[in-house]
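Asks: Got a predicted structure here, sequence first:
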Amino acid sequence: MKIVSKLATAVTALTIATAAYAENPMVGGAPMFETKNIVENAVNSADHTTLVAAVQAADLVETLQGPGPFTVFAPVNDAFAALPAGTVDTLLKPENKAMLQKVLTAHVVAGDWSAAEIARQARASSDGFYHFNAVSGDALSAQVKGNNVYIYDENGNASRVTIADVDQSNGVIHVVNAVLVPK
């Protein structure tokens, strides 16, 4: 009887541990841990090396390691590569730091917004879009198409959320497939 009880306890503990681990998806081939902050997790993602380099060049590491909470729409490397030739190199130059900060903070929203809450807000609106502002002050809009959430920048460019709800100790990351460009 004691062995069965111990086995049941072990199975329950393993199930809980597995469920807790499974809540956060892998990103860029790396596990994302809810106990780490946005920067600590992003540096481990092979899909976000350009974003991490940009955050470092813009001196935003300390901010994104802060308490938040922040919602970050994190573009993958391919999203940066899709920008016009030379754009990333130009933005990474020290003399363009203010412009780089503006671009990056156009991907950050105050608060911890799940994809389900963003989708709920969009579905509940009269025009089918949830309108909100990035910490840069730029306007963003979210729309649900089928099972996908799209984030639009002020220029009307759409970025699809490809991995949603990657929880962090100081917010949440939603991986996106395009760079949001402020006006």
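Replies: Arrived safely, thanks for sending.
Asks: Return the distance of the strand of greatest length in the chain from the chain's centre.
Replies: Ranked by residue count, the top strand of the chain under DSSP state E comes out as strand 158-168. On the basis of Cα atoms, centre = their mean, to the nearest Å, strand 158-168 sits 5 Å off its chain's mean C-alpha point.
Asks: What's the first helix or strand after it?
Replies: As assigned by DSSP states H and E, the chain's next helix or strand after strand 158-168 is strand 171-176.
Asks: what angle sits between that following strand and strand 158-168?
Replies: Interaxial angle of strand 171-176 relative to strand 158-168 (axes from the mean of the first three to the mean of the last three Cα atoms, to 10 degrees): 150 degrees.
Asks: what residues are up against the residue nearest to Gln168 when sequence neighbours are not counted?
Replies: Nearest residue to Gln168, sequence neighbours excluded (Cβ to Cβ, 6 or more residues apart in numbering): Ile38, at 4.9 Å. Yep, even glycine has a C-beta here, placed from its N, CA and C like the rest. For Ile38, the contact set (Cβ atoms under 8 Å, 6 or more residues apart in numbering) comprises 64-65, 68, 70, 72, 168, 170-171, 173.
Asks: now do Val161
Replies: Neighbouring residues of Val161 by Cβ under 8 Å, 6+ apart: 73, 115, 148-151, 174-176.
Asks: Gly66 now?
Replies: Counting by Cβ under 8 Å, 6+ apart, Gly66 touches Asn170.
Asks: can I assume it sits in a strand?
Replies: No - looking at Gly66 with DSSP: H, G, I helix; E, B strand; the rest coil, it is coil, so not inside a strand.
Asks: picking that back up, just the buried residues of the contacts of Ile38.
Replies: Buried members of those, scored by 16 or more other Cβ atoms under 10 Å, are 64-65, 68, 70, 72, 168, 170-171, 173.
Asks: could you dump the residues you listed to a markdown table with pLDDT and distance to His131?
Replies: Shown next, in a markdown table, are those (pLDDT from 0 to 100; distance: Cβ to Cβ, whole Å):
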| residue | pLDDT | distance to His131 |
| --- | --- | --- |
| Leu64 | 91 | 24 |
| Gln65 | 92 | 29 |
| Gly68 | 89 | 22 |
| Phe70 | 95 | 19 |
| Val72 | 96 | 19 |
| Gln168 | 94 | 25 |
| Asn170 | 94 | 25 |
| Gly171 | 94 | 20 |
| Ile173 | 95 | 21 |
